[in-house]
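Visitor: quick one, what's the 3D model for this:
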Amino acid sequence: MSEFFTSVHLKEELCMGCINCIKRCPTQAIRVRNGKAVITKEFCIDCGECIRICPHHAKEAIYDPLEIMKQYEYTVALPAPSLYGQFNHLDDINIVLTALKKMGFNDVYEVSGAAELVSEISRNYVQNHKDKWPIISTACPTVVRLIQV
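Guide: Predicted coordinates for the structure are as follows:
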């Protein structure tokens, strides 16, 4: 298989081999070898369950620092509707959209508007191509990765 990237990094010095992550991993991408967890990158779908469940904080997400935006001439944030659910009692999403601009993004476009258009086009496609199955949405990278595995 080709080299896969996973956003989960294992801090071996913190891993106690407790197998909590093994039990939670939906693709069985984790094994314990020599008392430490080992992630099979080809099977990892980046769902983050192992990060959430690890009581020893031995796994962490790999991400780019915000400073990386300075490398680009023009930056655009594409917040999905699920982002707003991360804030308790958010009455106005414009607070989040404005904050993204203040963080340094040149423009902010809500994904939900485009999602409605994609949904309509997808419905039409499914209705007109009943013989071409299976059909799956590529909206969720974790699901796409799971299918590839």
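
Visitor: what is the burial count for Q71?
Guide: 8 (other Cβ atoms under 10 Å). C-beta: built from backbone N, CA, C; applies to glycine.

Visitor: pLDDT at it, what is it?
Guide: Confidence per residue is given as pLDDT, and for Q71 that number is 95.

Visitor: distance-wise, check it relative to G104.
Guide: According to Cβ to Cβ, to the nearest Å, Q71 stands 12 Å off from G104.

Visitor: do the same with T142
Guide: The spacing between T142 and G104, counted by Cβ to Cβ, is 27 Å.

Visitor: now do the contacts for the nearest residue to Y63 once chain neighbours are set aside.
Guide: Beyond its immediate neighbours in the sequence, the residue positioned closest to Y63 (Cβ to Cβ, 6 or more residues apart in numbering) is S7, lying 7.0 Å away. For S7, the contact set (Cβ atoms under 8 Å, 6 or more residues apart in numbering) comprises D46, A61, I62, Y63.

Visitor: looking at these, which are in strands?
Guide: With strands taken from DSSP state E, the overlap with the contacts of S7 comprises A61.

Visitor: just the buried residues of the contacts of S7.
Guide: For those, a burial check counting by 16 or more other Cβ atoms under 10 Å picks out D46.

Visitor: just give me the closest of the contacts of S7 to S119.
Guide: Proximity of these to S119 (Cβ to Cβ) peaks at D46, which lies at 24.2 Å.

Visitor: what pLDDT does the closest residue to that closest one other than its chain neighbours get?
Guide: For D46, ignoring the flanking residues on the chain, the nearest one in space by Cβ to Cβ, 6+ apart is S7 at 5.0 Å. pLDDT, S7: 91.

Visitor: quick check: phi and psi at S7.
Guide: As for S7, its main-chain torsions (degrees, to the nearest 10) stand at phi -80, psi 0.

Visitor: distance check, it against L78.
Guide: Noted for S7: a distance of 18 Å to L78, by Cβ to Cβ.

Visitor: same deal with K70?
Guide: Shown here: K70 relative to L78, a distance of 19 Å by Cβ to Cβ.

Visitor: so the two - more neighbours on which side?
Guide: When neighbours are counted by other Cβ under 10 Å, L78 comes out ahead of the other of K70 and L78, with 13 against 8.

Visitor: so who does the closest residue to the more buried one other than its chain neighbours touch?
Guide: Residue nearest to L78 in three dimensions, not counting chain neighbours: V111, with 5.2 Å by Cβ to Cβ, 6+ apart. The contact partners of V111, by Cβ under 8 Å, 6+ apart, come to L78, P79, A80, P81.
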